[in-house]
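>>> No sequence on hand, only this structure:
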């Protein structure tokens, strides 16, 4: 605290009051305000230094604010400024009383289960012929509840395993997934039969298109039936399109073209889906994939920049980091 | 339920979920065995799961089948009056012994546990309703499966143990017999082994498929055993305790059947090797392939030879059950229909055994728009089918030595099969492999 300023301001205030008392006229009041303003300015300099550090910012603004306050509210302004800076700005800093009880560290540790790692990253490049049966079973157990093409691809590899238990397990797991989709398709077909309104029919057709495409996307369709599933998807999407037009329809169309490696058309449909405000988070990774397939790597970075959530989503952030080189 | 009763049986067959209530491979084999061995008097002990799953007897009972009794292991409720029982003080150590044997798969069954006397001392009523038994289950639960809901653990332990008393009861009241023959391991094999141990009679075990392996797959993929932990939260060697308990139980009774049997028969070499791997004594094992009466198919063979053209009909003769993988057949016909427009896939076999699976197949046909090409006929005698079809197929995921293929060959019908069981041996002979 600059005590010199304090003394100066006291001196100026005393001089100002004296001037008013000695000659009670307009000039004395004028001199009072000049001296009082100077005193306020000097006191405000001290007050600004008392503001807690976490309210750092433009000091000139703070100084002008307090000078104005102290000048306008004569004498009481000093007390108000001090109360504001010393009490109010520090109020939340009051210490919270904690009740700390003693914890037995080892006792607590016992109830936290130790979870060993299931599978390493190397799973993607494994030679299943040399892998012990126990690990294959573990893979199947892990993936039997996963429905994604990666899990299915691994299970497909195990379909040709020499061990019949492994073969059967993987076969049954794939069959189960296929069966679930087939069940859903039949349910929708049944709904389609009973639907009365055109809009209901369109919505059901859209769901059917999506379900038939799942057979392809999850790679559970037989090679020879791929065209059948593509045609079914297209037929249902065309039926839906007669009545409704939305981002999801365009997205499904984009996925079909991407599947057929017609990347330009796929990109067009994906961009249109985005214009229809279809979920960016679903569309952009597929656009990025297309650029990857085309070898246009710089564009992948641009795609990532279009959606901030890529950076923070735990499923996409590793890709983001790789492409950003961070 | 006892349908025919006689106390003078030569060969007692223990049939689990097959003859005389189900039509199909193993049931036909049993039927042919009884008919083919006219000099012997047969008895059949049928063991089923739930009575609702089985209808009427599906076969004309042969003259030499003089005794049939039917038991259901998972029949609803028990005959006991429900009451509070404190429990025999000897119960807990004995129960622990029995329970631990189930849990430690591959262990040899203690001699005491093989005897009917043991189960007289610790009866089912004590196990189901006594306080001591409940406390034991609770203690084991906290020790082994605290992350599984108690109600699931409790009913699993009860469902695993309770058929044992039912089997012991069957054994206690069994008719006189000279030899017991079980065409599978599992509960039937357990009863066969138990009868041998208690009545000192010969026990023959024949396996058409590998029961243990099929049960393991069923259990691992079952929906009725809930997973309470995400896979990602499980340690590397952690499995669902309930599933593990069932698998160990079947491993245990499988081992008991192998150890006790005087002869372990399989239909082909591959199955024999698997039996040996699962603990069967190599010296007890033997391969006896299936056979068919060729004369029965002679007329069909001649008829087919004279016929110049056949319809594009591919038939699958078998029960509509998951192990026959009817869906692969449907897929194959759909694929073929893309080039052979008028192809027809006939599925000839009973559809009642697994109605849910049958419905799934119907749904799958609709999914593939294959209604024009696929036809379900239900059960039909194979002789009525063989003269009209071009090819016979089997898409099974597990087989022994399928009789339908042998019968089709006898009638001159070519076959296309999945490479399971002895199918490749049947089609290519033993010297060549697919």
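That came in fine, so what should we check first? Given the structure is predicted, the values throughout are model-derived calculations rather than measurements.
>>> what's the following helix or strand after the helix or strand encompassing residue B:189?
Assigned by DSSP states H and E, residue B:189 belongs to helix B:186-199. The element immediately downstream of helix B:186-199 (helix or strand, assigned by DSSP H and E) is strand B:202-207.
>>> Paired strands for that following strand, with orientation please.
strand B:177-182 (parallel), strand B:263-266 (parallel) (DSSP bridges).
>>> Now tabulate those in TSV and tack on distance to residue B:410.
From N, CA and C alone the C-beta is placed, and that goes for glycine too. Shown next, in TSV, are the strands paired with strand B:202-207 (distance: least, CB to CB, whole Å):
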stretch	distance to residue B:410
strand B:177-182	26
strand B:263-266	22
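>>> closest one to residue A:163 among these?
Among those, strand B:263-266 comes nearest to residue A:163, with 18.1 Å by CB to CB.
>>> that older thread, now the strands paired with strand B:202-207 in CSV, with mean pLDDT and mean neighbour count?
Putting these into CSV (pLDDT from 0 to 100; neighbours: other CB atoms under 10 Å in any protein chain shown) gives the following:
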stretch, mean pLDDT, mean neighbour count
strand B:177-182, 96, 22
strand B:263-266, 95, 22
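>>> between those, which gets nearest to residue B:306?
strand B:263-266 (38.8 Å).
>>> contact partners of that closest one?
B:202, B:204-207, B:258, B:272, B:275, B:280-281, B:284-288, B:400 (CB atoms under 8 Å, 6 or more residues apart in numbering or on different chains).
>>> List buried residues within the residues you listed.
Neighbour-count burial (16 or more other CB atoms under 10 Å in any protein chain shown) is assigned, among those, to B:204, B:205, B:206, B:207, B:258, B:272, B:275, B:280, B:284, B:285, B:400.
>>> Next, give phi and psi for the last one.
Put plainly, it is residue B:400. phi -100, psi -110 (degrees, to the nearest 10).
>>> what does the stretch 251-400 of chain B put close to chain A?
Residues of the stretch 251-400 of chain B found near chain A (CB under 8 Å from any CB of the partner chain) are B:274, B:322, B:325, B:327, B:331, B:334-335, B:338, B:360, B:363-364, B:366-369, B:397-398.
>>> Those residues, buried ones only, as a ChimeraX selection?
Selection of buried members from those for ChimeraX, criterion 16+ other CB under 10 Å:
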select /B:274,322,325,327,331,334,335,360,363,364,366,367,368,397,398
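>>> Mind checking which of the residues of the stretch 251-400 of chain B next to chain A land in helices?
Members of those lying in helices (criterion: DSSP state H): B:274, B:327, B:331, B:334, B:335, B:360, B:363, B:364, B:366, B:367.
>>> Now the two most distant members of those residues.
B:274 and B:366 (37.6 Å).
>>> Give me the buried stretch members for stretch B:154-164, please.
B:156, B:157, B:160, B:161, B:162, B:163, B:164.
>>> Tell me the spacing between the third one and residue B:245.
Distance, residue B:160 to residue B:245, using CB to CB, to the nearest Å: 7 Å.
>>> list residues touching both of the two?
By CB under 8 Å, 6+ apart, the residues touching both residue B:160 and residue B:245 are residue B:102.
>>> Pull the number of nearby residues for residue A:223.
7 (other CB atoms under 10 Å in any protein chain shown).
>>> Next up, the contacts around it.
Contacts of residue A:223 by CB under 8 Å, 6+ apart: none found.
>>> give me the number of residues near residue B:389?
24.
>>> longest helix of the chain?
No chain specified, so I'll use chain A. From DSSP H, the single longest helix across chain A is helix A:164-194.
>>> hmm, I had chain B in mind actually
Per DSSP H, chain B has its longest helix at helix B:150-172.
>>> tell me the mean pLDDT for that helix?
Average pLDDT, helix B:150-172: 86.
>>> just checking, what packs against that helix?
strand B:42-48, strand B:65-72, helix B:91-103, helix B:116-121, helix B:124-129, helix B:131-144, helix B:186-199, helix B:241-260 (3 or more CB pairs under 8 Å, 6 or more residues apart in numbering or on different chains; DSSP states H and E).
>>> which residues sit against the fifth one?
With CB under 8 Å, 6+ apart as the test, helix B:124-129 has contacts from B:78, B:80, B:82-85, B:87-88, B:91, B:95, B:132-133, B:158, B:161-162, B:165-166, B:169.
>>> Return a PyMOL selection command for the buried portion of the residues you listed.
The buried residues among the contacts of helix B:124-129 can be selected in PyMOL (16+ other CB under 10 Å) with this line:
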select buried, chain B and resi 85+87+88+91+95+132+133+161+162+165+166
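>>> so where's the stretch 51-200 of chain A uncertain?
A:56, A:91-126, A:145-146 (pLDDT under 70).
>>> what about the helices in it?
A:59-72, A:76-82, A:105-110, A:133-143, A:149-157, A:164-194, A:198-217 (DSSP state H, counting those that start in this stretch).
>>> how about CSV for these, with distance to chain B and mean neighbour count added?
Shown next, in CSV, are those (distance: least, CB to the nearest CB, whole Å; neighbours: other CB atoms under 10 Å in any protein chain shown):
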stretch, distance to chain B, mean neighbour count
helix A:59-72, 53, 16
helix A:76-82, 58, 16
helix A:105-110, 13, 8
helix A:133-143, 5, 18
helix A:149-157, 11, 17
helix A:164-194, 4, 18
helix A:198-217, 8, 20
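>>> Is it correct that residue B:6 is in contact with residue B:65?
No - applying CB atoms under 8 Å, one finds residue B:6 not in contact with residue B:65, separated by 9.6 Å.
>>> Now for these two: what residues contact both?
residue B:43.
>>> who has more neighbours, those two?
residue B:65 (24 against 14).
>>> could you give the angle of the longest helix of chain B to strand B:65-72?
Angle, helix B:150-172 to strand B:65-72, by axes from the mean of the first three to the mean of the last three CA atoms, to 10 degrees: 160 degrees.
>>> roughly how far is helix B:150-172 from the heart of the chain?
How far helix B:150-172 lies from its chain's middle: 19 Å, per CA atoms, centre = their mean, to the nearest Å.
>>> Specify the angle between it and helix B:91-103 in degrees.
Going by the same axes, to 10 degrees, helix B:150-172 makes 90 degrees with helix B:91-103.
>>> which other residues reach helix B:150-172?
By CB under 8 Å, 6+ apart, helix B:150-172 touches B:45, B:47, B:69, B:71, B:73-74, B:78, B:98-99, B:102, B:116, B:119, B:123-124, B:127-128, B:137-138, B:140-141, B:145, B:187, B:190-191, B:194-195, B:198, B:225-226, B:241-242, B:245-246, B:249.
>>> which among those end up buried?
The buried subset of these - by 16+ other CB under 10 Å - is B:45, B:47, B:69, B:71, B:73, B:98-99, B:102, B:119, B:123-124, B:127-128, B:137, B:140-141, B:145, B:187, B:190-191, B:194-195, B:198, B:225, B:241-242, B:245-246, B:249.
>>> chain center to stretch A:55-69, what's the gap?
38 Å.
>>> Tell me, what's the model's pLDDT at residue 258?
Went with chain A since none was named. Model confidence at residue A:258 (pLDDT) stands at 94.
>>> that answer is for a different chain, and I need it for chain B
Value for residue B:258, per-residue pLDDT: 93.
>>> Next one: it from residue A:253, what distance?
Taking CB to CB, one finds residue B:258 at 59 Å from residue A:253.
>>> Same check on residue B:264?
Residue B:264 is 60 Å from residue A:253, by CB to CB.
>>> With residue A:52 instead?
For residue A:52, the distance to residue A:253 - CB to CB - is 59 Å.
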